[in-house]
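K.L.:
Next input, structure requested:
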Amino acid sequence: MAKAAAFNARLRVFVDQALSPEAQSRRLADIAIAERDRLIASGRASRRFRRWVDGVEGAPETAVRPADGGRIVYRFSILGAVCNFALSFLIARSPPRSSAPLNPGTGKTAHYRDGFFFAIADSASPRYQSGDFSGRLVPAAQFNPAALSPTITEIIIGNTLPYNRKVDVQLIGGQSLTFSVPPGLFDDAVKAIRSRFGDLVEVKRVYTMNFYGQYLLRQRQVWTTGRHRGLSRGRQGTRVESPALIIRPRR
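P.N.:
Here you go, the predicted model:
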(Lines give C-alpha, C1' and ligand atoms only; values in the text may rest on other atoms or scores of the structure.)
Protein backbone atom coordinates (compact mmCIF):
# COMPACT_ATOMS: atom_id res chain seq x y z
CA MET A 1 0.00 0.00 0.00
CA ALA A 2 1.34 3.47 -0.81
CA LYS A 3 0.00 6.67 0.66
CA ALA A 4 0.51 10.07 -0.95
CA ALA A 5 -0.07 13.01 1.34
CA ALA A 6 -0.50 15.11 -1.78
CA PHE A 7 -4.07 13.91 -1.97
CA ASN A 8 -4.49 11.46 0.91
CA ALA A 9 -4.95 8.45 -1.37
CA ARG A 10 -4.31 4.80 -0.65
CA LEU A 11 -3.26 2.23 -3.17
CA ARG A 12 -3.95 -1.43 -2.50
CA VAL A 13 -1.75 -3.82 -4.42
CA PHE A 14 -2.44 -7.50 -4.94
CA VAL A 15 0.65 -9.52 -5.83
CA ASP A 16 0.74 -12.99 -7.34
CA GLN A 17 1.07 -15.37 -4.41
CA ALA A 18 2.92 -17.80 -6.65
CA LEU A 19 5.93 -15.49 -6.59
CA SER A 20 8.68 -16.06 -4.04
CA PRO A 21 8.61 -13.79 -0.95
CA GLU A 22 11.58 -11.85 -2.32
CA ALA A 23 9.87 -11.38 -5.68
CA GLN A 24 6.66 -10.24 -3.95
CA SER A 25 8.62 -7.62 -2.00
CA ARG A 26 10.33 -6.38 -5.17
CA ARG A 27 6.97 -6.17 -6.94
CA LEU A 28 5.44 -4.12 -4.11
CA ALA A 29 8.49 -1.84 -4.06
CA ASP A 30 8.40 -1.31 -7.83
CA ILE A 31 4.71 -0.37 -7.76
CA ALA A 32 5.16 2.02 -4.81
CA ILE A 33 8.15 3.76 -6.41
CA ALA A 34 6.37 4.07 -9.77
CA GLU A 35 3.29 5.58 -8.13
CA ARG A 36 5.43 7.96 -6.06
CA ASP A 37 7.33 9.14 -9.14
CA ARG A 38 4.09 9.54 -11.10
CA LEU A 39 2.66 11.83 -8.42
CA ILE A 40 5.82 13.92 -8.31
CA ALA A 41 6.01 14.22 -12.10
CA SER A 42 2.36 15.32 -12.26
CA GLY A 43 2.94 18.06 -9.69
CA ARG A 44 0.55 16.51 -7.18
CA ALA A 45 3.33 15.67 -4.73
CA SER A 46 6.52 17.35 -3.59
CA ARG A 47 10.00 16.00 -4.27
CA ARG A 48 10.58 16.30 -0.52
CA PHE A 49 9.11 13.41 1.43
CA ARG A 50 9.68 10.97 4.26
CA ARG A 51 9.35 7.22 3.81
CA TRP A 52 8.31 4.43 6.17
CA VAL A 53 8.56 0.75 5.23
CA ASP A 54 6.65 -1.51 7.62
CA GLY A 55 6.90 1.24 10.23
CA VAL A 56 10.66 1.82 9.86
CA GLU A 57 11.51 5.32 8.67
CA GLY A 58 14.15 5.49 5.95
CA ALA A 59 14.15 1.78 5.15
CA PRO A 60 14.36 0.94 1.42
CA GLU A 61 11.18 -0.01 -0.37
CA THR A 62 12.60 -3.44 -1.16
CA ALA A 63 12.64 -4.25 2.57
CA VAL A 64 8.82 -4.36 2.62
CA ARG A 65 7.27 -7.60 3.82
CA PRO A 66 5.66 -9.83 1.19
CA ALA A 67 2.13 -9.09 0.03
CA ASP A 68 0.35 -10.12 3.25
CA GLY A 69 0.60 -6.95 5.31
CA GLY A 70 3.56 -5.17 3.75
CA ARG A 71 3.18 -1.38 3.97
CA ILE A 72 5.05 1.48 2.32
CA VAL A 73 4.10 4.99 3.41
CA TYR A 74 5.25 8.24 1.81
CA ARG A 75 4.67 11.51 3.60
CA PHE A 76 5.08 14.36 1.15
CA SER A 77 5.62 18.01 2.04
CA ILE A 78 2.76 19.86 0.36
CA LEU A 79 3.31 23.17 2.16
CA GLY A 80 5.68 24.51 -0.48
CA ALA A 81 2.99 24.34 -3.16
CA VAL A 82 0.38 25.80 -0.77
CA CYS A 83 2.65 28.71 0.18
CA ASN A 84 3.50 29.44 -3.46
CA PHE A 85 -0.19 29.52 -4.31
CA ALA A 86 -1.07 31.68 -1.29
CA LEU A 87 1.68 34.22 -1.96
CA SER A 88 0.82 34.44 -5.66
CA PHE A 89 -2.84 35.03 -4.78
CA LEU A 90 -2.04 37.71 -2.19
CA ILE A 91 0.31 39.57 -4.53
CA ALA A 92 -2.11 39.42 -7.45
CA ARG A 93 -4.93 40.82 -5.26
CA SER A 94 -2.76 43.57 -3.73
CA PRO A 95 -2.50 47.18 -4.87
CA PRO A 96 0.07 47.46 -7.68
CA ARG A 97 3.54 48.78 -6.98
CA SER A 98 3.82 52.56 -7.03
CA SER A 99 6.75 54.87 -7.76
CA ALA A 100 7.33 55.39 -4.01
CA PRO A 101 11.06 55.05 -3.26
CA LEU A 102 12.54 52.42 -0.98
CA ASN A 103 13.41 53.51 2.55
CA PRO A 104 17.17 52.96 3.01
CA GLY A 105 16.92 53.91 6.67
CA THR A 106 14.83 50.89 7.62
CA GLY A 107 15.52 48.56 4.73
CA LYS A 108 11.77 48.21 4.24
CA THR A 109 10.00 48.74 0.98
CA ALA A 110 7.23 51.23 0.40
CA HIS A 111 5.40 48.78 -1.84
CA TYR A 112 2.67 46.66 -0.27
CA ARG A 113 3.28 43.74 -2.64
CA ASP A 114 6.88 43.53 -1.43
CA GLY A 115 5.96 43.52 2.26
CA PHE A 116 4.77 39.93 2.64
CA PHE A 117 6.62 37.60 4.98
CA PHE A 118 6.47 34.03 6.26
CA ALA A 119 6.75 32.91 9.89
CA ILE A 120 7.70 29.23 9.96
CA ALA A 121 7.32 26.91 12.97
CA ASP A 122 9.38 23.73 12.65
CA SER A 123 8.89 21.00 15.26
CA ALA A 124 12.44 19.79 14.59
CA SER A 125 14.06 23.12 15.52
CA PRO A 126 15.67 23.55 18.97
CA ARG A 127 13.65 26.72 19.57
CA TYR A 128 10.36 24.91 18.95
CA GLN A 129 11.40 22.03 21.19
CA SER A 130 12.27 24.50 23.97
CA GLY A 131 8.68 25.77 23.93
CA ASP A 132 9.04 28.77 21.60
CA PHE A 133 6.40 28.23 18.90
CA SER A 134 6.70 31.68 17.29
CA GLY A 135 8.73 30.51 14.29
CA ARG A 136 11.35 32.35 12.27
CA LEU A 137 10.45 35.34 10.09
CA VAL A 138 11.39 35.13 6.41
CA PRO A 139 10.73 37.93 3.87
CA ALA A 140 8.81 36.62 0.87
CA ALA A 141 11.71 37.51 -1.44
CA GLN A 142 13.95 35.12 0.53
CA PHE A 143 11.40 32.35 1.00
CA ASN A 144 12.36 28.99 -0.51
CA PRO A 145 9.33 26.65 -0.66
CA ALA A 146 11.53 23.73 -1.70
CA ALA A 147 13.35 23.95 1.64
CA LEU A 148 10.23 23.29 3.73
CA SER A 149 10.53 20.01 5.56
CA PRO A 150 7.72 17.62 6.56
CA THR A 151 8.33 18.66 10.19
CA ILE A 152 6.79 22.11 9.64
CA THR A 153 3.78 22.51 11.94
CA GLU A 154 2.55 26.00 11.04
CA ILE A 155 3.17 28.81 8.58
CA ILE A 156 1.95 32.38 8.98
CA ILE A 157 1.80 34.77 6.03
CA GLY A 158 1.51 38.45 6.87
CA ASN A 159 2.61 41.86 5.62
CA THR A 160 4.97 44.25 7.39
CA LEU A 161 3.48 47.44 5.95
CA PRO A 162 1.65 49.53 8.60
CA TYR A 163 -1.44 49.89 6.39
CA ASN A 164 -1.88 46.13 5.96
CA ARG A 165 -5.26 46.15 7.71
CA LYS A 166 -6.43 49.15 5.68
CA VAL A 167 -5.74 47.29 2.43
CA ASP A 168 -7.57 44.24 3.80
CA VAL A 169 -10.77 45.71 5.29
CA GLN A 170 -10.65 49.17 3.62
CA LEU A 171 -12.24 50.82 6.63
CA ILE A 172 -10.93 53.26 9.21
CA GLY A 173 -13.04 54.41 12.10
CA GLY A 174 -16.20 53.29 10.34
CA GLN A 175 -15.36 55.22 7.18
CA SER A 176 -14.68 53.53 3.86
CA LEU A 177 -11.31 53.70 2.17
CA THR A 178 -10.72 53.33 -1.54
CA PHE A 179 -7.97 51.21 -3.03
CA SER A 180 -7.45 49.96 -6.57
CA VAL A 181 -8.41 46.45 -5.42
CA PRO A 182 -11.54 45.17 -3.62
CA PRO A 183 -11.55 44.61 0.17
CA GLY A 184 -11.35 41.22 1.82
CA LEU A 185 -7.83 40.29 0.68
CA PHE A 186 -7.09 37.74 3.41
CA ASP A 187 -10.61 36.29 3.56
CA ASP A 188 -10.54 35.75 -0.20
CA ALA A 189 -7.12 34.10 0.11
CA VAL A 190 -8.54 31.68 2.69
CA LYS A 191 -11.39 30.75 0.34
CA ALA A 192 -9.00 30.19 -2.58
CA ILE A 193 -6.62 28.04 -0.53
CA ARG A 194 -9.45 25.96 0.92
CA SER A 195 -10.91 25.43 -2.53
CA ARG A 196 -7.65 24.03 -3.86
CA PHE A 197 -5.92 22.49 -0.84
CA GLY A 198 -8.66 22.15 1.76
CA ASP A 199 -8.20 18.40 2.16
CA LEU A 200 -4.49 18.88 2.86
CA VAL A 201 -4.21 21.97 5.06
CA GLU A 202 -6.16 23.99 7.58
CA VAL A 203 -6.15 27.72 6.87
CA LYS A 204 -7.71 30.73 8.57
CA ARG A 205 -7.43 34.51 8.70
CA VAL A 206 -6.53 36.17 11.99
CA TYR A 207 -7.58 39.72 12.77
CA THR A 208 -4.10 40.73 13.88
CA MET A 209 -0.75 39.24 14.83
CA ASN A 210 2.45 40.54 16.40
CA PHE A 211 5.88 40.39 14.79
CA TYR A 212 9.32 41.90 15.30
CA GLY A 213 9.62 45.46 14.01
CA GLN A 214 5.85 45.95 13.85
CA TYR A 215 4.76 49.57 13.42
CA LEU A 216 3.60 51.34 16.61
CA LEU A 217 0.83 53.93 16.60
CA ARG A 218 2.50 57.28 17.22
CA GLN A 219 -0.48 59.61 17.20
CA ARG A 220 -3.45 59.94 19.51
CA GLN A 221 -6.34 57.85 18.19
CA VAL A 222 -9.94 59.08 18.56
CA TRP A 223 -13.33 57.55 17.87
CA THR A 224 -14.86 59.04 14.72
CA THR A 225 -18.34 57.51 15.02
CA GLY A 226 -20.83 56.42 17.66
CA ARG A 227 -21.39 57.68 21.20
CA HIS A 228 -17.63 57.82 21.88
CA ARG A 229 -16.98 60.10 18.92
CA GLY A 230 -14.11 62.49 19.61
CA LEU A 231 -12.87 60.58 22.66
CA SER A 232 -9.44 59.00 22.83
CA ARG A 233 -9.19 55.32 21.97
CA GLY A 234 -6.13 54.98 24.23
CA ARG A 235 -4.10 53.18 21.58
CA GLN A 236 -1.09 55.50 21.19
CA GLY A 237 2.10 53.43 21.38
CA THR A 238 0.33 50.12 20.70
CA ARG A 239 1.08 47.84 17.76
CA VAL A 240 -0.86 48.56 14.61
CA GLU A 241 -3.38 45.82 13.80
CA SER A 242 -2.10 43.54 11.05
CA PRO A 243 -4.14 40.61 9.65
CA ALA A 244 -2.49 37.40 8.48
CA LEU A 245 -3.06 33.85 7.28
CA ILE A 246 -2.30 30.80 9.41
CA ILE A 247 -1.71 27.55 7.52
CA ARG A 248 -1.31 24.16 9.19
CA PRO A 249 -0.89 20.77 7.49
CA ARG A 250 -3.57 18.20 8.24
CA ARG A 251 -2.13 15.18 10.02
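K.L.:
show me where this protein has strands.
P.N.:
2-4, 9-11, 49-53, 56-57, 72-76, 116-122, 136-139, 152-159, 171-172, 175-176, 201-206, 244-249 (DSSP state E).
K.L.:
Just put those in CSV and tack on mean neighbour count.
P.N.:
Where you see a C-beta, it was placed from the backbone N, CA and C, and this is true even at glycine. Output for the strands of the chain, formatted as CSV (neighbours: other C-beta atoms under 10 Å):
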stretch, mean neighbour count
strand 2-4, 21
strand 9-11, 11
strand 49-53, 18
strand 56-57, 10
strand 72-76, 21
strand 116-122, 20
strand 136-139, 14
strand 152-159, 22
strand 171-172, 12
strand 175-176, 9
strand 201-206, 17
strand 244-249, 20
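K.L.:
Make a markdown table out of these and add distance to residue 26 and mean pLDDT.
P.N.:
Formatted as a markdown table, the strands of the chain follow (distance: least, C-beta to C-beta, whole Å; pLDDT from 0 to 100):
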| stretch | distance to residue 26 | mean pLDDT |
| --- | --- | --- |
| strand 2-4 | 15 | 39 |
| strand 9-11 | 17 | 60 |
| strand 49-53 | 13 | 88 |
| strand 56-57 | 18 | 91 |
| strand 72-76 | 12 | 86 |
| strand 116-122 | 36 | 90 |
| strand 136-139 | 43 | 83 |
| strand 152-159 | 34 | 91 |
| strand 171-172 | 64 | 82 |
| strand 175-176 | 67 | 84 |
| strand 201-206 | 35 | 94 |
| strand 244-249 | 32 | 93 |
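K.L.:
Output the below-cut-off pLDDT ranges for the stretch 1-150 of the chain.
P.N.:
For the stretch 1-150 of the chain, the stretches flagged by pLDDT under 70 are 1-16, 67-68, 98-110, 126-135.
K.L.:
Please repeat the previous calculation with a cut-off of 90.
P.N.:
The model of the stretch 1-150 of the chain has pLDDT under 90 over residues 1-28, 31, 39-50, 57, 65-71, 74-81, 95-112, 119, 121-138, 145-150.
K.L.:
quick one, helices of the stretch 51-200 of the chain?
P.N.:
For the stretch 51-200 of the chain, helices defined by DSSP state H, counting those that start in this stretch occupy the ranges 79-92, 126-129, 164-169, 185-197.
K.L.:
Of all those helices, which one comes closest to residue 136?
P.N.:
Closest of those to residue 136 is helix 126-129, at 7.9 Å (criterion: C-beta to C-beta).
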